[in-house]
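In: no sequence for this one, just the structure:
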Ligand SMILES: NC(=O)C1=CN([C@@H]2O[C@H](COP(=O)(O)OP(=O)(O)OC[C@H]3O[C@@H](n4cnc5c(N)ncnc54)[C@H](OP(=O)(O)O)[C@@H]3O)[C@@H](O)[C@H]2O)C=CC1
Ligand SMILES: O=C(O)C1=N[C@H](C(=O)O)C[C@H](O)C1
């Protein structure tokens with residue numbers, strides 16, 4: 001049994017995950033932390049692994065606090081870019097046995113969407129990412145969209161692809177989206193969405209779309225449980241769920 005604490009336990013993902021952990025074999029939910037609670041409760045409960053689903057402004061410091069105490073960490077909170085991952089690596093190096101995994105998206109379909117998008121990207125002149133989320137989300141673009149753009153950009157660099165064609169010279173309001181490593185990313189916030197994303201690839205005479213929709217937070221739970229079961233035996237820093245799923 002792995003003893004698990006959830007940070008952000010009263011939030012949308014934290015509360016759904018707490019219920020999934022309680023129902024999962026091999027995991028024991030020993031603490032739930034939210035605003036106003038002392039992190040020391042994680043140590044007092046003798047948690048071996050912590051699941052982080054707090055907001056992006058506090059998640060890094062909380063993960064560091066846990067790693068410094070030798071507690072494994074599974075990070076679901078968005079906004080962990082290359083800089084934060086490098087800092088996690090510094091924290092973990094020299095602390096034998098402790099592991100941290102940063103997972104931009106726990107849903108199996110989203111993991112595959114990112115892989116397929118990277119695979120397809122060098123074959124098309126154009127590629128853009130459109131992410132659609134509920135309007136209570138505080139960060140844009142989504143962590144999934146950023147990761148998708150990063151893996152697309154890497155695949156195009158590796159293949160020696162040309163820059164994306166775009167004649168736009170006037171865009172005072174940013175209608176062409178954010179540019180993540182040169183890939184346009186567009187964020188929609190509308191009631192009715194949980195988390196959706198479409199990667200649009202274009203070539204002369206054809207459009208290829210790769211779309212994923214999470215219509216319920218249930219979609220993230222198998223990935224959350226798998227990462228929590230995996231982390232105690234995988235020290236160091238891991239990014240993405242691919243290795244957990246045996247996709248690497
Ligand atoms: N990796 C993945 O697959 C997924 C990642 N996410 C990401 O997870 C994160 C959380 O999303 P979501 O659950 O929707 O957000 P919520 O706002 O519903 O949950 C965040 C929770 O953390 C609490 N919190 C804030 N600060 C602290 C603190 N210092 N200590 C303890 N708890 C704190 C919040 O309390 P309060 O509301 O009072 O501020 C809230 O209860 C986001 O970054 C989101 O992008 C979401 C879905 C899937
Ligand atoms: O805030 C959310 O809801 C989600 N956040 C993650 C992200 O930023 O990519 C994962 C998923 O898209 C849901």
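Out: Done, it's in. What you see is a predicted model, and the numbers here were worked out from it, not measured in a lab. Numbering: from 1, shown residues only. Ligands and ions are numbered 1, 2, ... in the order given.

In: Residue of the chain nearest ligand 1, please.
Out: residue 11 (2.0 Å; C-beta to the nearest ligand atom). For glycine as for every other residue, the C-beta is placed from the backbone atoms N, C-alpha and C.

In: Neighbours of that residue, how many?
Out: Using other C-beta atoms under 10 Å, residue 11 has 18 other residues around it.

In: what does the model give it for pLDDT?
Out: Residue 11 is assigned 98 on the pLDDT scale.

In: Isn't it up against residue 51?
Out: No. Look at residue 11 against residue 51 with C-beta atoms under 8 Å: they stay out of range, at 11.3 Å.

In: List the buried residues for the lowest-mean-pLDDT helix or strand in the chain?
Out: When each helix and strand of the chain is scored by mean pLDDT, DSSP states H and E, helix 82-92 comes last, with a mean of 95. Residues of helix 82-92 classed as buried: 84, 88, 91-92 (neighbour count, 16 or more other C-beta atoms under 10 Å).

In: Now do the contacts for the residue nearest the centre of the chain.
Out: In the chain, the C-alpha nearest the mean C-alpha coordinate belongs to residue 104, at 0.7 Å (C-alpha atoms, centre = their mean). The contact partners of residue 104, taken as C-beta atoms under 8 Å, 6 or more residues apart in numbering, are 78, 80, 143-144, 146-147, 240.

In: now do 6 Å
Out: Residues near residue 104 by C-beta atoms under 6 Å, 6 or more residues apart in numbering: 143-144, 147.

In: just to revisit the earlier point, wait, which of the buried residues of helix 82-92 is closest to ligand 2?
Out: residue 84 (14.0 Å).

In: Which neighbouring elements make contact with the helix or strand just after the least confident helix or strand of the chain?
Out: Sequence order places strand 99-102 as the next helix or strand after helix 82-92, per DSSP states H and E. Using 3 or more C-beta pairs under 6 Å, 6 or more residues apart in numbering; DSSP states H and E, the elements in contact with strand 99-102 are strand 72-75, strand 236-239.

In: Who does strand 99-102 pair with, and is each partner parallel or antiparallel?
Out: strand 72-75 (parallel), strand 236-239 (parallel) (DSSP bridges).

In: any idea how far ligand 2 is from the residue of the chain closest to ligand 1?
Out: Plainly put, residue 11 is 10 Å away from ligand 2 if you go by C-beta to the nearest ligand atom, to the nearest Å.

In: which residues touch the spatially closest residue to that residue that is not a sequence neighbour?
Out: Nearest residue to residue 11, sequence neighbours excluded (C-beta to C-beta, 6 or more residues apart in numbering): residue 53, at 5.8 Å. Residues near residue 53 by C-beta under 6 Å, 6+ apart: 8, 11, 13-14, 76.

In: redo that, cut-off 10 Å
Out: By C-beta atoms under 10 Å, 6 or more residues apart in numbering, the contact list for residue 53 reads 6-9, 11-18, 59, 74-78, 220, 224.

In: hang on, the residue nearest to the centre of the chain in a strand?
Out: No. Assessed with DSSP: H, G, I helix; E, B strand; the rest coil, residue 104 is coil; it does not lie in a strand.

In: and the next element down the chain from the biggest helix by length in the chain?
Out: In the chain, taking DSSP state H as the definition, the longest helix is helix 143-159. For helix 143-159, the succeeding helix or strand toward the C-terminus, using DSSP H and E, is strand 178-180.

In: Quick one: mean pLDDT over the helix or strand following that following strand.
Out: Per DSSP H and E, strand 178-180 leads on to strand 183-189 as the next helix or strand towards the C-terminus. Over the span of strand 183-189, the pLDDT mean works out to 98.
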